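J.: when you get a sec, could you give me coordinates for this:
(2 chains)
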Protein chains: 2
Amino acid sequence: MALSGFPELLPQQRFVEAAVIDRLRRTFELHGFAPLETRSVEPLEQMLRKGEIDKEVYVLRRLHAEDEAGDSGLGLHFDLTVPFARYVLEHAGHLEFPFRRYQIQKVWRGERPQTGRYREFTQADIDVVARDTLPFHHDVEVARVMAEALASLPFLPPLRLQVNNRKLIEGFYRGIGATDVPAVMRAIDKLDKVPAEVVAQQLISEAGLSAEQAGQCLALAQIRSVDSSFVSAVWKLGVAHPLLDEGLDELAAVIDGCAGISGARIVVEADLRIARGLDYYTGTVFETRMSGYESLGSICSGGRYDSLATDGRTTYPGVGISLGVTRLLMPLFQRGVLTASRTVPSAVLVALTDDDSRPRSVAVATALRARGIPVELAPTAQKFGKQIRYAERRGIPYVWFPGKTDDDGGEVKDIRSGDQAAADPATWMPPTEDLQPQVRFEKESSLAQDS
Amino acid sequence: MALSGFPELLPQQRFVEAAVIDRLRRTFELHGFAPLETRSVEPLEQMLRKGEIDKEVYVLRRLHAEDEAGDSGLGLHFDLTVPFARYVLEHAGHLEFPFRRYQIQKVWRGERPQTGRYREFTQADIDVVARDTLPFHHDVEVARVMAEALASLPFLPPLRLQVNNRKLIEGFYRGIGATDVPAVMRAIDKLDKVPAEVVAQQLISEAGLSAEQAGQCLALAQIRSVDSSFVSAVWKLGVAHPLLDEGLDELAAVIDGCAGISGARIVVEADLRIARGLDYYTGTVFETRMSGYESLGSICSGGRYDSLATDGRTTYPGVGISLGVTRLLMPLFQRGVLTASRTVPSAVLVALTDDDSRPRSVAVATALRARGIPVELAPTAQKFGKQIRYAERRGIPYVWFPGKTDDDGGEVKDIRSGDQAAADPATWMPPTEDLQPQVRFEKESSLAQDS
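T.: Residues are numbered from 1 along each chain as shown, chains lettered A, B, ... in the order given. The predicted structure follows:
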């Protein structure tokens, strides 16, 4: 009954997903991003303006609609950028600009399911949008915020947030005399998938470059650095163009602005191969690779739009970045390297001595919950051994045995160590790490070295 | 560009919705309910087995699907119960029973939009499901948990969680000699909408009752109490049936079990009119009314299913209750009585003295965020008066003016009071109520008395 492309999680996996989303939310809100949601549907004509993804949209039809033709003219949104642009135009009169929002929602694409591609999946987007002009420092801001958000997920494999700049590469291509810049970008964008020689051939045959020009483009694409040393590496290629200078300055500002976040878990680096071929970015561009999972492609991408939205009179420039939450987590679940420490929120199972003393068990549970400790009651008054196994099967770390009188708090047992001691439900507290289910990353032997 | 039936929230409204969902989650998890999600789509044949809601389903079609007929055979789920039942059957081998889950997701219904009815809306469901048998005390549990969850939303108008029991009313109807019990329930279910005389006529003409029997049914339906005194009120009607006794015991147990939660904000009461006509409940049933918003109907409903799901060999009984989050909040937003104290998460705006000192402003912001204070930076180095107005427009309570040197923390101003004082970004903390946007309920004159 499973549907290909519509993944569903088991409870312990869903805990991981919820923990990831909660940590993302926390970082986004610390930086002043507001928690927006848009409706799940958009008018088809609006979604298909850009034309390239029309095969991927799910169209809605009301079953037994009065109109036999049936289609509602609505489709499920396939990303969170198009709906956000529409939302900004629709509600501009009620928004304060620059407007920062994060949006964590499901999106749908009718494409053929394959590794890392789903028909229903969750994205987490942040964007800053302004009216008329958006200062460049917001490019640095969204990079920092997403890098911090990813750094707050220490159970993920190491990540590389790769940054480039369209002005930089366009300036470079113009500087060497290329005339069909989009064709150059499309060819360079394939470097992930095809050998450099093939890309060189395409640069010559499709973008009209000479062999020497093609070589310069490939030399540029090989430059990467975790600091602003990429700037001198580009200078050494001996190409000059005003747009190139502007792009170099901007990219250096993003990389310098993210210094201090880079570490063992996340690296922010300039990677001059990143082009994001088909998207309408006009400056900074982002992609993100996960170590050991390179075949997924980018799990977190975005960039600067000089015109995120426009109503003809007013233009709204924006910069944003979108994290594929499902794309990130599903492969980790499938390889079995990411799970939670238990299948229920409960830190404590309150045992039931017999049916008559149920109110005493309820009182213990109520006292613990009042101080924020998740608790469940044993469902039946089985032998204590069976109640302990009930807790074990769910990963609940503590079993509480109520006392024989209302004044006797009873005893609490850590079923992992077997330690048991008298305790007062009005004051007892488990260690913080036992309070909520913990996310666990278990290294896979062959992949642990891969990073 | 707004689409009827697909509501969207402004940022300050979305804060309220997110706060509501966070509080619900917290209560559900304190009681051991795990955070499940199911995919948004189900095969049509599965969703339509019960037959009655087939007009309301949105069917999905891939645009330009290879198959010109087009339909994917999938529809968007119209509630969270049908998908949960399917999930339990599909994953039974990986679940531990009794299985408690909460599920907060969007659902879709293609019905005509009207007050309280949407085409896309959010529900928050809790259910407990077991294999083969589910002890009755779980009925008390879900009532308590939902009542506590609703009590954690002190900014809502007063709520009445109304409980009844199908065994009670069925036993009563059988006890007076009714033969077509479903017809009696359908008639009684209309008491909300039509006068008692009309219901009496229907009981006679459609359920085949005598005038005296109809009178007894209406007398039963008028009984309500916030404690178990309803039991003696039923006895006084002089009807006897074993099923009636069983239902009275169960309903009294739910009402007694919720004692201590009832208060000014939420009342849990036995209301013997509640029947939930078309649903397949077999024992406890729940509805919930919001004071001043009675025309919405029930905003939180549910009950006990002896067979939530079955695969032919194994039966899974369940008990659950579903809160209509959108149905609850939208009318409050529309009347303007519920809002948030600001439009951004930021508690502090760090001012920008000039572009050169931006790093000093960034350092202040970073120090504050490190201790969990949401902060944004002024976007440009305008005059301080303009920066303060920037904060005012967003409802940000504090503006921080960085010092002139790295050793000088600067000063922080509460822009509501105008108080300004020197402060250290490494130790300063706003009052807890300023840390996050606060939900505000503003009483409407005419409605405040209505409760």
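J.: make it CA atoms for all contacts and neighbour counts henceforth
T.: Fine.
J.: how about the residues of the stretch 301-450 of chain A by chain B?
T.: The stretch 301-450 of chain A has residues A:343-346, A:369, A:372-376, A:379, A:393-394 near chain B, with proximity defined as C-alpha under 8 Å from any C-alpha of the partner chain.
J.: repeat that for 10 Å
T.: Taking C-alpha under 10 Å from any C-alpha of the partner chain, the part of the stretch 301-450 of chain A that reaches chain B is made up of A:343-349, A:359, A:365-366, A:368-380, A:390, A:393-394, A:436.
J.: the stretch 101-250 of chain A too?
T.: A:101, A:106, A:108, A:109, A:110, A:111, A:120, A:121, A:134, A:135, A:137, A:138.
J.: for residue B:442, state which of those residues is nearest.
T.: Using C-alpha to C-alpha, residue A:101 comes nearest to residue B:442 of those, at 26.0 Å.
J.: indicate each strand paired with the host helix or strand of that closest one and its parallel or antiparallel sense.
T.: Element membership of residue A:101, judged by DSSP states H and E, is strand A:99-108. Sheet pairing of strand A:99-108 (DSSP bridges) gives strand A:34-35 (parallel), strand A:120-129 (antiparallel).
J.: most remote residue from the middle of chain A, which is it?
T.: Residue farthest from the centre of chain A, counting by C-alpha atoms, centre = their mean, is residue A:405 at 51.2 Å.
J.: which strand or helix spans it?
T.: Here residue A:405 is assigned to no helix or strand, by DSSP H and E.
J.: same list (the strands paired with strand A:99-108) but as CSV, adding mean pLDDT, distance to residue A:215 and mean neighbour count.
T.: Listed next are the strands paired with strand A:99-108 as CSV, based on pLDDT from 0 to 100; distance: least, C-alpha to C-alpha, whole Å; neighbours: other C-alpha atoms under 10 Å in any protein chain shown:
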stretch, mean pLDDT, distance to residue A:215, mean neighbour count
strand A:34-35, 98, 45, 24
strand A:120-129, 98, 36, 24
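J.: can you redo those strands as CSV with distance to residue B:432?
T.: Shown next, in CSV, are those (distance: least, C-alpha to C-alpha, whole Å):
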stretch, distance to residue B:432
strand A:34-35, 19
strand A:120-129, 26
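J.: and of those, who's closest to residue B:195?
T.: strand A:34-35 (45.2 Å).
J.: distance between the ends of stretch A:270-286?
T.: 10 Å (C-alpha to C-alpha, to the nearest Å).
J.: pull out the buried positions in that stretch.
T.: Buried residues in stretch A:270-286, counted by 16 or more other C-alpha atoms under 10 Å in any protein chain shown: A:270-277, A:281-286.
J.: check stretch A:285-305 too.
T.: A:285-293, A:298-305.
J.: please apply the same query to stretch A:166-178.
T.: Buried residues in stretch A:166-178 (16+ other C-alpha under 10 Å): A:166, A:167, A:168, A:169, A:170, A:171, A:172, A:173, A:174, A:175, A:176, A:178.
J.: follow-up on the earlier one: from chain B, how far off is the residue farthest from the centre of chain A?
T.: 21 Å (C-alpha to the nearest C-alpha, to the nearest Å).
J.: correct me, but that residue touches residue A:360?
T.: Yes: shown here, residue A:405 and residue A:360 form a contact pair, counting by C-alpha atoms under 10 Å, at 8.2 Å.
J.: and for the closest residue to chain B within the stretch 151-300 of chain A, the neighbour number?
T.: The nearest approach of the stretch 151-300 of chain A to chain B comes at residue A:257, 9.7 Å away (C-alpha to the nearest C-alpha). Look at residue A:257: counted by other C-alpha atoms under 10 Å in any protein chain shown, it has 18 neighbours.
J.: next: residue A:254.
T.: Neighbours of residue A:254 (other C-alpha under 10 Å): 28.
J.: and it, what element?
T.: helix A:242-257.
J.: show me what that helix is packed up against.
T.: helix A:137-151, strand A:159-165, helix A:166-175, helix A:230-235, strand A:266-271, strand A:284-290 (3 or more C-alpha pairs under 10 Å, 6 or more residues apart in numbering or on different chains; DSSP states H and E).
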